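Student: using only what follows, build the 3D model:
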Amino acid sequence: MKKCIVSLVVVTLLVAANGAVADLSAIGEPVEGNSWSQPFSESGVGSFNFVAVRMTSSGDAFESPAIHTFNRSGWTIGSEDATMANASGPAQTSMNFSIKFAGSTSNQLEFDFVSFNGDLLKDAAHAVWKPGSWAITTFTVSKSGVDGTGITGWQRSDFEAVPVPAAVLLGMLGLSAAGIRLRRFV
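Tutor: Sure thing, here's the model as predicted:
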């Protein structure tokens, strides 16, 4: 009995030491149209000034503007493409916004969500839409990144979409470097 109580106290202290649990949550029902949007709330992570989403389910996409309808002034979309988008603004401790998805609410989809304060990761979550409901898994964030998920080391730049002309230029530079390296061995 004594060991059980000691174990319970240790677990309670470990949970308390971890700090507040980050909180991305869906608000209400999806809003349908030619595409569909879902209102979300981000809170409980401390101050953040950058949020981003990255589609992780194959064949699914965000619709422009991917992140919109902020309930805080000064927030604007940064970069976006069909699979990634970000927005930034004055530091907040809680904020509501909507995410817009291509297609229909009858299709399942998955995406990752992060919030940063400068370059410091504040929240990381994985959201799964199964027609009719959301399942959101929030990861514990430590000073070194996200614990126990295989995503430790995410950086803000990982969620900033590369504009298409820049992506083409980067690809050409990579092929050129590979060609030069290959010529040395032939």
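Student: all strands for this protein, in order.
Tutor: 23-26, 31-32, 36-55, 62-68, 76-80, 84-101, 109-117, 120-130, 133-139, 141-142, 145-146 (DSSP state E).
Student: tell me the strands beside the fifth one, with direction?
Tutor: Translated: strand 76-80. With DSSP bridges as the test, strand 76-80 is paired with strand 84-101 (antiparallel).
Student: now do the buried residues in the partner strand.
Tutor: Across strand 84-101, burial judged by 16 or more other CB atoms under 10 Å covers 84-89, 92, 95, 97-101. For the C-beta atoms, the positions are set from N, CA and C on the backbone; glycine is no exception.
Student: for these, which one is nearest Pro131?
Tutor: Using CB to CB, Phe101 comes nearest to Pro131 of these, at 12.1 Å.
Student: contacting residues for the nearest residue in space to that closest one that is not next to it in sequence?
Tutor: Sequence neighbours aside, Trp36 is the residue nearest to Phe101 in space, at 5.5 Å (criterion: CB to CB, 6 or more residues apart in numbering). Listed by CB atoms under 8 Å, 6 or more residues apart in numbering, the contact set of Trp36 reads 30, 100-101, 103-105.
Student: of all the residues you listed, which two lie farthest apart?
Tutor: Farthest pair in the contacts of Trp36 (CB to CB) is Lys100 and Ser104. Separation: 13.0 Å.
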